[in-house]
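*Asks:* Okay, sequence plus prediction incoming.
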Amino acid sequence: MPDRVNMEKIVSLCKRRGFIFPSSEIYGGLASCWDYGPMGVELKRNVKNAWWKATVQERDDVVGIDASIMMHPEVWRASGHVDSFTDPLVECTSCHLRWRASEISNERCPTCGGELTEPRMFNLMFKTAIGPVEEEASTIYLRPETAQAMFADFENVLSTSRKKLPLGIAQIGKSFRNEITPGNFIFRTREFEQMELEYFVKPGTDEHWFDYWVKERFNWYINLGIRKENLRLRQHGKEELAHYAKDCYDIEYLFPMGWSELEGIANRGNYDLTQHAKYSGRDLSYYDNEEKKRYIPYIIEPSGGVDRSVLALLIDAYHEEVVEGEARLVLRLQPSLAPMKAAILPLSKNEKLIPLAKKVYAQLCPSFMTCYDDSQSIGRRYRRQDEIGTPFCITIDFQSLEDNQVTIRERDNLAQIRVPVEKLEETLQAKLSGEPFEATPLWATRQK
Ligand code: ATP
C-alpha cells in the first residue's frame, strides 16, 4: 500500500485545521476522548444529514426517533447486556495495565513482560446512579447502543405513525462503552455516535430484507465518495454470530491499521421484541391485517458509526499531489460533505477590495457554509482551503471592482471561471447539485 496515508498524518491534519482535537487538552487530555472543532463539526453533521436523508427523508417506510440516553435498567437486562456485554480481561501484576484476554499471545504483559492474572469478566457498560442516594435500586447505565430504544418504543411508534410492516425506526445518537483498548484515533473511543436503523419485517421476508439492506448500506458509502476498492463486505462465521443472530455482515474499510469494521448489518430474528415482551409484560406482537394473524416481527439492523465514517472519509479524501512543481495536500471530499462550500478571498488586503469581498461573503452566507479570509498570501490561503476540502474559492481582484465579476477556483481540477457577482449563488448551486466541473473531478465519476 505505497500511497496510503498513515494515521499520524490524518491526526495532524485534523489538529492543524480544526477538525478534531484531544478533549480537555489544557489539562493533558483524557485518554481516547476527542472534540470535533469548527471544521469537524460541519463534516460530522454533513455525514449524519446524508444518512438521515437516505434512511428517513427519502423513504416512506422509515421514521426517526431521538430517545433518552438513560433508559430503565430493565432494558439492559432484557437485552442481555447486563449478563453478557462483557470482555474477558487480564491484569498485569506488576504494572496493573489491563488487556483483553484475546489480545495476549504469550501469557505475559505486552508492556512490561510482567505476570498476568486469570481472565475476569468485565462489563463494558458505564454505570451511574440516578437520584441523590447512591443505592443499588438507582443504578442505571449509559446506553452502549442506540438500538434498544427502537425496540422499547416500537409500540408507540407503530401506533402513532399509522404505518404497516415493513417499518424501520432510525436514530442517530451517542453511545458509551468502557472499551478496554480504545485507540486508532476516533476509530474506537468510549463515547461515540451511532447511526442505527431497526427494520421490522414479517418473518419469512427477513432474508430478502437482509440482502436488501446489506446492498443498500454498502452503496451508501460508495455514494458518499469512498472508493470501492477500499470497501469490502465480510460475512460473520457461525462462531462469531451472536447467539440470536441468523446472519451478519460487516462493511469494512481499509483503514491504515488494516481492514476494520465500519458498520454491521445483522438479521436479529425475533429476539429483541420477544425479550422485551417477556421482561415488560407487554404484548409486542404485530397484527397483520392482510394475513389476519399476529406475529413477533423479525428485525434487520444496519448499525454504523458516525465517527468511523468521518475517519474513513478523511482517509479516503486525503491526497498529496504535486501541481506545477508544488506540493499540495487536498481533501477531495464530496462537496456535499465538505465543511465549507465556498471561501471568499480578496486577492490582497487592499482596502478597495475588502468591501466588495465582504459584500459577496454576506450574500453567500445564508445559502452556503462560507468562510472569509484575507490574511497571508493568496497561495497560502488556497492551500488552507484545499486542506479542509473547500470545493470553491472565490477570488475578488482589481478587475472585479470594474466589471463586478469574481473568479471561482475549483478545488479538484484547479479550473478558474469568471462569473458576475449576481450569478454567483446560482452558479455555485448548480455546481453543488452535481453539474459537472469543467474537467470532471474524481468524485463525480464515482458510481451513483
Ligand atoms: P467492534 O467489533 O469494532 O468493537 P462492534 O461489532 O462491537 O464493533 P457494534 O456493536 O456492531 O460494533 O456497533 C455498531 C457500530 O458502532 C460499529 O460498526 C462502529 O461503527 C460503531 N462503534 C462501535 N463501537 C465503537 C467505539 N468504541 N468507537 C467508535 N465507534 C464504535
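*Replies:* That came in fine, so what should we check first?
*Asks:* dump the residue contacts of whatever residue of the chain ends up closest to the ligand.
*Replies:* Taking CB to the nearest ligand atom as the measure, the point where the chain comes nearest the ligand is G305, at 2.3 Å. Glycine gets a C-beta too; all of them are placed from N, C-alpha and C. By CB atoms under 8 Å, 6 or more residues apart in numbering, G305 lies in contact with 192-195, 262-263.
*Asks:* again with L13
*Replies:* Counted by CB under 8 Å, 6+ apart, L13 has contacts 19, 314, 318, 329, 331, 387.
*Asks:* Can you tell me the SS state at it?
*Replies:* helix (DSSP: H, G, I helix; E, B strand; the rest coil).
*Asks:* Distance-wise, check it relative to Y318.
*Replies:* In this view, L13 and Y318 are 7 Å apart by CB to CB, to the nearest Å.
*Asks:* With R16 instead?
*Replies:* 13 Å.
*Asks:* neighbour-wise, which of these two wins?
*Replies:* Y318 (19 against 11; other CB atoms under 10 Å).
*Asks:* correct me, but the more buried one touches A312?
*Replies:* No. Taking contacts as CB atoms under 8 Å, Y318 lies outside contact range of A312: 10.9 Å.
*Asks:* Do you have the helices of the chain handy? List them.
*Replies:* 7-16, 38-52, 73-78, 81-84, 147-152, 154-161, 206-223, 271-280, 306-317, 353-364, 378-388, 398-403, 424-432, 442-445 (DSSP state H).
*Asks:* Tell me the helices and strands packed up against the third one.
*Replies:* This means helix 73-78. If you count contacts as 3 or more CB pairs under 8 Å, 6 or more residues apart in numbering; DSSP states H and E, helix 73-78 packs onto helix 81-84, strand 139-141, helix 147-152, helix 271-280.
*Asks:* And the first one, how far out from the chain middle?
*Replies:* The chain centroid and the centroid of helix 81-84 are separated by 26 Å under CA atoms, centre = their mean, to the nearest Å.
*Asks:* Now do it: which elements does it pack against?
*Replies:* helix 73-78.
*Asks:* quick one: contacts for F187?
*Replies:* 255, 257, 260, 307-308, 311.
*Asks:* again, only using 10 Å
*Replies:* 7, 32, 253, 255-257, 260-262, 305, 307-308, 311-312 (CB atoms under 10 Å, 6 or more residues apart in numbering).
*Asks:* That one and R308, how far apart?
*Replies:* 6 Å.
*Asks:* joint contacts of these two?
*Replies:* In contact with both F187 and R308: 253, 255, 260-262, using CB under 10 Å, 6+ apart.
*Asks:* Identify, from the residues you listed, the entry nearest to Y271.
*Replies:* E261 (20.9 Å; CB to CB).
*Asks:* Around the ligand, pick out the residues from the stretch 251-400 of the chain.
*Replies:* Within the stretch 251-400 of the chain, the positions lying close to the ligand (CB under 6 Å from any ligand atom) are 261-264, 303-305, 307-308.
*Asks:* quick one: which two of the residues you listed are the most distant?
*Replies:* Between any two of those (CB to CB), the greatest distance is 14.9 Å, for G264 and D307.
*Asks:* State the pLDDT value of the closest residue to K9 other than its chain neighbours.
*Replies:* Excluding the flanking residues, the one nearest K9 by CB to CB, 6 or more residues apart in numbering is Y318, at 7.1 Å. Y318 is assigned a pLDDT of 97 by the prediction.
*Asks:* Y318 contacts I10, doesn't it?
*Replies:* Yes. Using CB atoms under 10 Å, Y318 and I10 qualify as a contacting pair, with a distance of 6.6 Å.
*Asks:* any idea how far T117 is from Y221?
*Replies:* Distance from Y221 to T117, by CB to CB: 41 Å.
*Asks:* Could you do T55 as well?
*Replies:* 44 Å.
*Asks:* Neighbour count for the two, which is higher?
*Replies:* Higher neighbour count among T55 and T117: T55, with 24 against 12, using other CB under 10 Å.
*Asks:* who's in contact with that one?
*Replies:* 62, 64, 168, 170-172, 195-197, 199, 216-217, 220, 302, 304.
*Asks:* Can you list which of those are found in strands?
*Replies:* 62, 64, 168, 170-172, 195-197, 199, 302, 304 (DSSP state E).
*Asks:* now these: which count as buried?
*Replies:* 62, 64, 168, 170-172, 195-197, 199, 302, 304 (16 or more other CB atoms under 10 Å).
*Asks:* Y295: what's it in contact with?
*Replies:* By CB under 10 Å, 6+ apart, the neighbours of Y295 are 165, 202-204, 270, 273, 285-288.
*Asks:* Including pLDDT, could these go into CSV?
*Replies:* Output for those, formatted as CSV (pLDDT from 0 to 100):
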residue, pLDDT
L165, 97
K202, 98
P203, 97
G204, 97
N270, 97
L273, 98
S285, 97
Y286, 97
Y287, 97
D288, 97
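*Asks:* quick one: which of the residues you listed has the most company?
*Replies:* L273 (25 neighbours).
*Asks:* Quick check, that residue in contact with L158.
*Replies:* No. Here L273 lies out of contact with L158, judged by CB under 10 Å, at a distance of 11.0 Å.
*Asks:* Common neighbours of those two, please.
*Replies:* 200, 284, 286, 297.
*Asks:* residue contacts, the last one?
*Replies:* Okay, so that is P297. 154, 158, 165-167, 198-203, 205-206, 270, 272-273, 284-286, 288.
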